[in-house]
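Trainee: Attaching a predicted model along with its sequence, questions to come.
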Amino acid sequence: MTRSHESLVAAQFGAHAQAYVESKDHAQGADLERLAALVAARPPGRVLDLGCGGGHVSFTLAPHAREIVAYDLSPDMLAAVAGVAADRGLRNIVTECGAAEALPFPDESFDVVASRYSAHHWRDLAAGLAGIRRVLKPDGMAIIMDVVSPGEALRDTFLQSVELLRDPTHVRDYAPDEWIRALRAAGLHPMAPVPARLRLHFATWIARSGTPDVQVQAILALQGHMPKPVTDHFAFEPDGTMTVDTMMIEATREAVA
């Protein structure tokens with residue numbers, strides 16, 4: 001049986017929606033703190049949380065915006081986000097279902113577009129970034145947060161392999177220089193990326209995605225056969241826990257003087 005990438009993403013995340021909403025790894029972090037500070041400094045009218053997942057960007061920014069649109073491919077994920085928003089009294093969060101590559105919003109309709117841990121699932125990065133530029137207001141700001149490739153081929157191959165083994169919806173973790181080129185190609189003006197490191201507790205990481213045991217064992221076996229440049233960079237721990245690179249990058253529609 002064949003199916004589209006979009007239907008695979010919707011099924012994968014729909015089946016584990018509550019786990020992502022309740023994920024402590026996703027609900028906190030220096031990137032969310034930085035995001036809140038950026039947005040609070042210039043309170044926007046409308047924010048698009050692109051590929052909202054468990055809704056943590058939406059929940060973080062709700063106090064600072066008139067309206068947040070939580071947008072995702074998974075109806076089940078959106079239902080879980082809407083439920084939490086209602087429980088917390090966040091009436092300015094609305095949900096809409098769709099793909100990152102085909103945004104159903106008018107031109108220049110958002111002050112901020114934020115996307116966190118979503119872009120590595122996009123089938124077409126260029127189309128997604130072109131859509132972001134289209135829906136941003138001329139003075140708007142795009143903020144991307146994601147796991148990134150370390151760039152060097154050996155480490156990159158390992159990262160992409162374990163990501164795909166864990167989650168079949170994975171497309172690619174891009175390196176920071178790839179992000180800068182892609183943003184510029186889309187007509188956006190990126191600022192310097194803010195790098196960070198993220199420790200992935202293995203048991204929680206695989207449970208959240210419902211990874212089958214045969215693939216869990218493959219990830220562990222792969223870790224056990226990697227050379228020192230890989231084991232050192234990803235800081236493997238005995239239980240499979242590892243540390244990956246992340247990035248937060250801001251971009252504007254207009255060049256900053």
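Mentor: Received, thanks. Residues are numbered from 1 along each chain as shown.

Trainee: Now the closest residue to A192 other than its chain neighbours: phi and psi?
Mentor: Taking Cβ to Cβ, 6 or more residues apart in numbering, and ignoring the residues beside it in sequence, A192 has I249 as its nearest neighbour in space, at 7.9 Å. To be clear about C-beta, it is placed using only N, CA and C from the backbone, and glycine gets the same treatment. As for I249, its main-chain torsions (degrees, to the nearest 10) stand at phi -140, psi 130.

Trainee: what's the neighbour count on I249?
Mentor: Applying the criterion other Cβ atoms under 10 Å, we find 21 residues in the vicinity of I249.

Trainee: just the one 4 residues further on next, same as before
Mentor: Other residues near R253 number 19, with proximity taken as other Cβ under 10 Å.

Trainee: sorry, back to before: isn't the residue nearest to A192 up against W179?
Mentor: Yes. The pair formed by I249 and W179 meets the contact definition of Cβ atoms under 8 Å, at 5.9 Å.

Trainee: ok, back up a step: would you mind measuring from the residue nearest to A192 to A70?
Mentor: Distance of I249 to A70, computed by Cβ to Cβ, to the nearest Å: 21 Å.

Trainee: What distance do you get for the residue nearest to A192 to P150?
Mentor: I249 is 16 Å from P150, where distance means Cβ to Cβ.

Trainee: What of L32?
Mentor: The separation that L32 has from P150, given Cβ to Cβ, amounts to 23 Å.

Trainee: again with A119
Mentor: With the distance defined as Cβ to Cβ, A119 ends up 17 Å from P150.

Trainee: same thing with P106?
Mentor: P106 sits at a distance of 39 Å from P150 (criterion: Cβ to Cβ).

Trainee: what do you get for A221?
Mentor: Distance from A221 to P150, by Cβ to Cβ: 21 Å.

Trainee: Have a look at the two and say which one is more surrounded.
Mentor: Set A221 next to P150 and count neighbours by other Cβ under 10 Å: P150 wins out with 19 against 10.

Trainee: which residues does the more buried one contact?
Mentor: Neighbour list for P150: D156, L159, A175, H233, D245 [criterion: Cβ atoms under 8 Å, 6 or more residues apart in numbering].

Trainee: same thing but 6 Å
Mentor: The contact partners of P150, by Cβ atoms under 6 Å, 6 or more residues apart in numbering, come to D245.

Trainee: Let's verify it: helix, strand, or coil?
Mentor: Using DSSP: H, G, I helix; E, B strand; the rest coil, the structure places P150 in coil.

Trainee: So what does it have for phi and psi?
Mentor: phi -70, psi 0.

Trainee: pLDDT score assigned to it?
Mentor: Per-residue confidence (pLDDT) for P150: 97.

Trainee: Then D31?
Mentor: Reported pLDDT at D31 in the predicted model: 87.

Trainee: you'd agree it is up against V147?
Mentor: No. In this structure, D31 is not within contact of V147 by Cβ atoms under 6 Å, at 11.2 Å.

Trainee: Between those two, which contacts overlap?
Mentor: Residues touching both D31 and V147 do not exist when contact is defined as Cβ under 6 Å, 6+ apart.

Trainee: what's the weakest-modelled helix or strand in this protein?
Mentor: Sorted by mean pLDDT, DSSP states H and E, the helices and strands of the chain end with helix 17-21, the least confident at a mean of 53.

Trainee: Need phi/psi at the spatially most central residue of the chain.
Mentor: For the chain, the residue lying nearest the average C-alpha position, counting by Cα atoms, centre = their mean, turns out to be Y117 (1.6 Å). Here the main-chain torsion angles of Y117 (degrees, to the nearest 10) amount to phi 50, psi 40.
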